[in-house]
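Enquirer: dropping a prediction and its sequence here:
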Amino acid sequence: DAKTTQPTSMDCAEGRAANLPCNHSTISGNEYVYWYRQIHSQGPQYIIHGLKNNETNEMASLIITEDRKSSTLILPHATLRDTAVYYCIVRAKAAGNKLTFGGGTRVLVKP
Amino acid sequence: NAGVTQTPKFQVLKTGQSMTLQCAQDMNHEYMSWYRQDPGMGLRLIHYSVGAGITDQGEVPNGYNVSRSTTEDFPLRLLSAAPSQTSVYFCASSYQASGSDEQFFGPGTRLTVL
């Protein structure tokens, strides 16, 4: 699986959009970008995933650059409950279900 | 559905003791796995199973055994606990044995080995 690079931490104001970057310059053509988050002391929670096209669901939007070497997770209206560690994971579906977690980005949403 | 459940939530062991961490899911998922998370670190895969009767090793399997006799249950056994196994253990499951998009994680078991 391709390696990912994320900022260690970032702050966000409540009600504003949070933009979380992820670099995956060695991503292969068959690898998807997945985002999970882990709220303090809880198990990780799936957020969204994508291959090439931008994706949106009820939780977030995922913007993948045309060359697929980086992506951005967007939380449109951050709330205090969005304070968590966010993990960007690159994985090929054919490689099975193993998830390789890096250090993630610690997001603190402030009032 | 209860989702993925784990017991116990907390456990303290002495070095050399054995114990089993329980994991169950009621979603009829084929795939189940165990991760450990050390302080300030990401999760690391210990063992996984793609179906009843089938298990395989992950990134950090030493010191742990697993079995999958039913679709619902995937227990993790520590035969002789060591302080290095102090960690938070998470169980996860997904619908397909391979290629699943979403994995569901349990609440975790916090284990301390003295």
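Expert: Okay, I see it. What you are looking at is a predicted structure, and each value in this text was computed from that prediction instead of being measured.

Enquirer: which non-adjacent residue is nearest A:His77?
Expert: A:Gly15 (5.8 Å; Cβ to Cβ, 6 or more residues apart in numbering or on different chains). Heads up, the C-betas are built off the backbone N, CA and C, glycines and all.

Enquirer: verify the stated contact: the one you found with A:Ala78.
Expert: Yes. Counting by Cβ atoms under 8 Å, A:Gly15 touches A:Ala78, with 6.9 Å between them.

Enquirer: give me the more crowded residue out of the two.
Expert: A:Ala78 (20 against 11; other Cβ atoms under 10 Å in any protein chain shown).

Enquirer: residues near A:Gly29, how many?
Expert: So A:Gly29, with other Cβ under 10 Å, has 8 neighbours.

Enquirer: next, it: phi, psi?
Expert: For A:Gly29, the backbone dihedrals (degrees, to the nearest 10) come out as phi -60, psi -30.

Enquirer: what of A:Lys93?
Expert: According to degrees, to the nearest 10, A:Lys93 has phi -60, psi -40.

Enquirer: that one: what's it in contact with?
Expert: Listed by Cβ atoms under 8 Å, 6 or more residues apart in numbering or on different chains, the contact set of A:Lys93 reads A:30, A:32, B:98-101.

Enquirer: buried ones from these, can you make that a ChimeraX selection?
Expert: To isolate the buried ones among those in ChimeraX, judged by 16 or more other Cβ atoms under 10 Å in any protein chain shown, type:
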select /A:32 /B:99,100
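
Enquirer: which residues of chain A lie near chain B?
Expert: A:32, A:34, A:41-46, A:49, A:87, A:93-94, A:96-104 (Cβ under 8 Å from any Cβ of the partner chain).

Enquirer: what do you get if the cut-off is 6 Å, keeping everything else the same?
Expert: A:43-44, A:46, A:49, A:93, A:96-98, A:101-103 (Cβ under 6 Å from any Cβ of the partner chain).

Enquirer: just the ones of those residues in strands?
Expert: Assigned to strands by DSSP state E, the following of those qualify: A:46, A:49.

Enquirer: coming back round to it: max pairwise distance over the contacts of A:Lys93: which two?
Expert: Within these, A:Asn30 and B:Ser100 form the most distant pair, 15.5 Å apart (Cβ to Cβ).

Enquirer: which stretches in chain A count as strands?
Expert: Using DSSP E, strands in chain A cover A:9-13, A:18-23, A:31-38, A:45-50, A:55-56, A:61-64, A:70-75, A:84-92, A:105-110.
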